[in-house]
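Peer 1: Predicted model, plus sequence, below.
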Amino acid sequence: MELTPQSQSAHLTAIIDVWLKSKEDASESERTGATYRGYITTFRAALQTVGLDLDGLPLDRLPSVEEQEQAVTKLFLAAQGWASISARGKVIRGATYNQRLSVLSSFYTFARKRRLLLIDNPIDLLERREVQEYANAQPLSRERVKQVVDAIDRSVLAGKRDYALLLLFLSTGRRASEVLSLQLKHIEPVEDTAILHFEHCKGGKGMYDKLERRVWRALYDYLHNAFMAQLARKADVDSRTVRRIYREPTSEISTVVLDKLATALAVRPSDLIDSSTDQA
C-alpha cells in the first residue's frame, strides 16, 4: 500500500482510538477517557494549524529526509507551547501543565512500544514543573470539624445524607469520585459495622475499608430512611405510613396500601403478609 499523507492521517487516528480504548479499559472511568480524548484532540488540532500531525510530519505532502529528522524537535516544541497556554490564551498552572504532558507522553509511549510509530517520545525532552500540591489549603481544626458536623440537621433526609457522607470522607480519606461510585452491592455488613468495596480507585484498583461503628450507623440510618422515602414515592403512599410499617411490622394497613406497596416492590401482596401463627 502506497504511503500518502491521507493514509498516514488515518493511521494516526486509528492509533488514537486504540490508545484511548486501552486507557478507558484500564481505568474503567469515562471521565479519564474524556480527559485523554480532549487533550490529544486539541493538541492534534494545534499541530494541524501549523501544517503538522502527531508524527511531526507535514499534512499535505510526503516528508523530506530533513523533515523526518526534525519531527521530534518540532513535536516537543509544539507540546511545550500547547501545554503552557490555554485555549483562552491564559498561562496554565503547573499541575495542569504536567497533566497535559503526561497524557501526550502516554500516547507516544503506547504507540512506540507497539511499533505503531517509530519516532522517539518527544515529551521525554520536556521537564515537568515542580508543583506543591494543596499549597493554599489550610487544615481545619478538630473543633471546627466537630462544629460543622454537629450543625447538620439530621431530622431531615438531606441532613442524614450529608452527615453520613461527611463522616465517610473524614474516616476513609477517599476521593469524591470513589465515594460517589458506591452502590448497595459494595456494602457488606459485618457484625456491628460494614466493609465498603471501592471498585474504581486510582489506577483502576479495587480497595476495601472497614467502617467505624459510628460511620456505619450514620450510613445505615441514611440508607434506611432513603429507601423508605423512595418506597413511599414509588408506591404513592404517605411516608408516615411507610415509617409506621417499618417501626411496627404487625400494624394493620388497608388492602389498597398493601397492593400499592406490593406493586412498587414487584412482589405479590401475599408475600408481604406474615402468615405465621402461634401454635398452641
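Peer 2: Okay, I see it.

Peer 1: Which strand runs longest in the chain?
Peer 2: The longest strand of the chain (DSSP state E) is strand 193-198.

Peer 1: Adjacent strands (with direction) for the helix or strand that that strand is followed by?
Peer 2: Under the assignment DSSP states H and E, the closest C-terminal helix or strand after strand 193-198 is strand 207-210. Sheet partners assigned to strand 207-210 using DSSP bridges are listed as strand 193-198 (antiparallel).

Peer 1: thinking in terms of the whole chain, how far from its middle is the strand it pairs with?
Peer 2: Remark: strand 193-198 is offset 19 Å from the chain centroid, using C-alpha atoms, centre = their mean, to the nearest Å.

Peer 1: now swap in stretch 262-275 and tell me
Peer 2: With C-alpha atoms, centre = their mean, you get 37 Å for stretch 262-275.

Peer 1: domain parsing for this structure?
Peer 2: 5-125, 138-234, 236-275 (automatic domain parsing).

Peer 1: and the end-to-end length of the second one?
Peer 2: What it means is domain 138-234. The first and final residues of domain 138-234 sit 44 Å from each other (C-alpha to C-alpha, to the nearest Å).

Peer 1: That domain - what's its average pLDDT?
Peer 2: Taken as a whole, domain 138-234 carries a mean pLDDT of 89.

Peer 1: Kindly report the same for stretch 18-31.
Peer 2: Stretch 18-31 shows a mean pLDDT of 81.

Peer 1: one step back: any chance of the domains of the chain in TSV, with mean neighbour count and distance to Val131 too?
Peer 2: All C-beta atoms are positioned from the backbone trio N, CA, C, and that covers glycine. What follows is those, written out as TSV (neighbours: other C-beta atoms under 10 Å; distance: least, C-beta to C-beta, whole Å):
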stretch	mean neighbour count	distance to Val131
domain 5-125	15	4
domain 138-234	14	17
domain 236-275	13	49
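
Peer 1: separation between Ser9 and Ser155?
Peer 2: Using C-beta to C-beta, to the nearest Å, Ser9 is found at 62 Å from Ser155.

Peer 1: ditto for Ser84
Peer 2: 52 Å.

Peer 1: wait, Ser177 sits on His200?
Peer 2: Yes - at 7.3 Å, Ser177 and His200 qualify as touching, with contact defined as C-beta atoms under 8 Å.

Peer 1: who are the neighbours in contact with Phe107?
Peer 2: Phe107 is in contact with 15-16, 19, 40, 54, counting by C-beta atoms under 8 Å, 6 or more residues apart in numbering.

Peer 1: let's see 7 Å
Peer 2: By C-beta atoms under 7 Å, 6 or more residues apart in numbering, Phe107 lies in contact with 19, 40.

Peer 1: just Leu59 next, same as before
Peer 2: Applying C-beta under 7 Å, 6+ apart, we find Leu59 in contact with 5, 48, 51-53.

Peer 1: and what of Gln230?
Peer 2: By C-beta under 7 Å, 6+ apart, the contact set of Gln230 is empty.

Peer 1: what's the answer for Gln8, then?
Peer 2: Counting by C-beta under 7 Å, 6+ apart, Gln8 has contacts Asp55.

Peer 1: With adjacent residues omitted, what lies nearest to Tyr39?
Peer 2: Distance criterion C-beta to C-beta, 6 or more residues apart in numbering; nearest residue to Tyr39, sequence neighbours excluded, is Val103 at 4.4 Å.

Peer 1: Pick out the residue nearest the middle of this structure.
Peer 2: The chain has Ser177 as the residue nearest its centroid, 4.5 Å off, counting by C-alpha atoms, centre = their mean.

Peer 1: From Asp162, how far off is it?
Peer 2: Between Ser177 and Asp162 the distance, using C-beta to C-beta, works out to 18 Å.

Peer 1: got it, and Ala137?
Peer 2: Ala137 sits at a distance of 21 Å from Asp162 (criterion: C-beta to C-beta).

Peer 1: residue ranges of the helices in the stretch 1-150 of the chain, please?
Peer 2: All helices of the stretch 1-150 of the chain, identified by DSSP state H, counting those that start in this stretch, fall at 5-27, 30-48, 65-69, 71-84, 94-113, 142-150.

Peer 1: Pipe those into CSV and attach distance to Ile273 per row.
Peer 2: Below are these laid out as CSV (distance: least, C-beta to C-beta, whole Å):
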stretch, distance to Ile273
helix 5-27, 48
helix 30-48, 44
helix 65-69, 80
helix 71-84, 66
helix 94-113, 59
helix 142-150, 42
